[in-house]
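Enquirer: Fold the following and give me the result.
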Amino acid sequence: MEPLVSIICISYNHGPYIQEALKSVLAQRYESIEIIVLDDGSSDNSQEEIKSTLGDNAIRFIAHESNIGYTKTFNEGLAYAKGDFIVDFALDDVMLPDFVKSGVDRFIQEPNKTGVVYSNADYIDESSQSIGNHKEPLLAKGLVTEFAQGDIFENVLRRYFICTPTMIIKKEVFDRLGGYDESLAYEDFDFWVRSSRYWHYAYIDEVHMQKRKLQTSMSANRYRHSQNEQLASALKVCQKAFHLCKTKAERKALIERLNYEYRQCLRNEAIELAESYQSLLKEVGGAIDIVSKAVRFLRGDFKR
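Expert: Numbers count the residues shown, from 1 in each chain. Here you go, the predicted model:
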């Protein structure tokens, strides 16, 4: 029998895109799928679009009266999931027909240590027209030389390179982690850090997902938060990462991350947060690097 895959579909004011998104889930070339749909208190016609698109299909639909946030909404859906694998799917993105099948097939080829499979993706605009690719600019700019596989803990500390909607995740990963951390402004970085400490990742160098790029796109920024909230969340994740580091190379990667986030704090005039990052740098055994010192000087923060 095919392993069951639970696709947790979440909407928040995605009315114009819901029909295309849900139809892409229903069109998957993989039979053993459980679909769970949640709307997190949309103020547009999202709930009506969901009901219309689902029709008579026996699919669980949970509609919130008010907005409670992405991580809480996902965890609510996760509590109902019975699948061996989980997909976190925002209802402004589009799955290509072999998305689920390609991920499950890759898991079958991988050892039990593998907990996450991810892949390449194309970016689309509000009209579903292609506007770019996830992999190509990262390689062209030299931000990555390859897409990491196996033990990627050190890699995810250093920089972002995973296209979140492309992930298919073993349910046991979420069981161990307790779902997403609901105290954070965004979930991706925290999930990558905690999951990659205990499980390996595998990469599929193919496009099976279209990620919609909009200023209001949930798949782009998972509900809009102020930059300072995101920086504060990143600090919490870095504090967790410090306690998960095992090697000098991992601590070095964390020091690079802390300097990067420190510079973002300075650019956003979040001086207290910058000081917290600096304190964590000292605790890790690192220091403000040359680039960060230059940014600090240019921002006029001479005392610090």
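
Enquirer: and residue 17, what does it touch?
Expert: 91-92, 212 (Cβ atoms under 8 Å, 6 or more residues apart in numbering). Where you see a C-beta, it was placed from the backbone N, CA and C, and this is true even at glycine.

Enquirer: swap that for residue 227, please
Expert: Counted by Cβ under 8 Å, 6+ apart, residue 227 has contacts 264, 268, 270.

Enquirer: ok, 10 Å please
Expert: 185, 264-265, 267-270 (Cβ atoms under 10 Å, 6 or more residues apart in numbering).

Enquirer: can you pull the pLDDT of it?
Expert: Residue 227 carries a pLDDT score of 71 in this model.

Enquirer: Would you check how far apart it and residue 92 are?
Expert: When distance is defined by Cβ to Cβ, to the nearest Å, residue 227 is 22 Å away from residue 92.

Enquirer: With residue 84 instead?
Expert: 26 Å.

Enquirer: Report the spatially nearest residue to residue 72, omitting neighbours in sequence.
Expert: Distances taken as Cβ to Cβ, 6 or more residues apart in numbering place residue 182 nearest to residue 72, at 5.2 Å, with adjacent residues excluded.

Enquirer: What segments of this structure are helices?
Expert: 15-26, 46-54, 70-80, 99-109, 135-140, 153-158, 171-177, 188-198, 218-221, 227-244, 248-267, 271-284, 290-298 (DSSP state H).

Enquirer: Of those helices, which shows the lowest average pLDDT?
Expert: helix 218-221 (a mean of 44).

Enquirer: picking up where we left off before, the contacts of residue 17 in strands, which ones?
Expert: residue 212 (DSSP state E).

Enquirer: Neighbour-wise, give me the winner out of the contacts of residue 17.
Expert: residue 91 (30 neighbours; other Cβ atoms under 10 Å).

Enquirer: these two touch, right, it and residue 37?
Expert: Yes - with contact defined as Cβ atoms under 10 Å, residue 91 and residue 37 form a contacting pair (7.8 Å).

Enquirer: Give me the common contacts of the two.
Expert: Joint contacts of residue 91 and residue 37 (Cβ under 10 Å, 6+ apart) are 9-11, 18, 22, 25, 50, 53.

Enquirer: From those residues, pick the one nearest residue 41.
Expert: Distance to residue 41, by Cβ to Cβ, is smallest for residue 11 among the shared contacts of residue 91 and residue 37, at 9.8 Å.

Enquirer: Tell me what the closest one is bridged to.
Expert: Residue 11 has these beta-bridge partners by DSSP bridges: residue 39.

Enquirer: Contact partners for it?
Expert: Counted by Cβ under 10 Å, 6+ apart, residue 11 has contacts 17-18, 21-22, 37-42, 44, 46-47, 49-50, 63-64, 73, 90-92, 218.

Enquirer: Repeat the analysis, applying 8 Å as the threshold.
Expert: By Cβ under 8 Å, 6+ apart, the neighbours of residue 11 are 18, 37-40, 42, 46-47, 50, 90-91, 218.

Enquirer: Name the member of those residues with the most neighbours.
Expert: residue 91 leads the contacts of residue 11 on contacts (other Cβ under 10 Å) with 30 neighbours.

Enquirer: Test my guess that it contacts residue 15.
Expert: No - Residue 91 lies out of contact with residue 15 (Cβ atoms under 8 Å); the separation is 9.5 Å.

Enquirer: Pull up the overlap in contacts between these two.
Expert: residue 46.

Enquirer: Please parse this structure into its domains.
Expert: 5-221, 227-298 (automatic domain parsing).

Enquirer: centre of the chain versus the first one, how much separation?
Expert: Going back to what we said before, that points to domain 5-221. Put simply, domain 5-221 sits 7 Å off its chain's centre (Cα atoms, centre = their mean, to the nearest Å).

Enquirer: Kindly report the same for the shortest one.
Expert: Taking the mean of its C-alpha atoms, domain 227-298 sits 20 Å from the chain's own mean (Cα atoms, centre = their mean).

Enquirer: coming back round to it: would you turn the contacts of residue 11 into a markdown table with distance to residue 232?
Expert: As requested, the contacts of residue 11 are exported to a markdown table (distance: Cβ to Cβ, whole Å):
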| residue | distance to residue 232 |
| --- | --- |
| 18 | 32 |
| 37 | 31 |
| 38 | 26 |
| 39 | 28 |
| 40 | 22 |
| 42 | 27 |
| 46 | 29 |
| 47 | 32 |
| 50 | 33 |
| 90 | 23 |
| 91 | 28 |
| 218 | 20 |
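
Enquirer: Closest one to residue 205 out of the residues you listed, please.
Expert: Minimum distance to residue 205 across the contacts of residue 11 is 23.1 Å, recorded for residue 90 (Cβ to Cβ).
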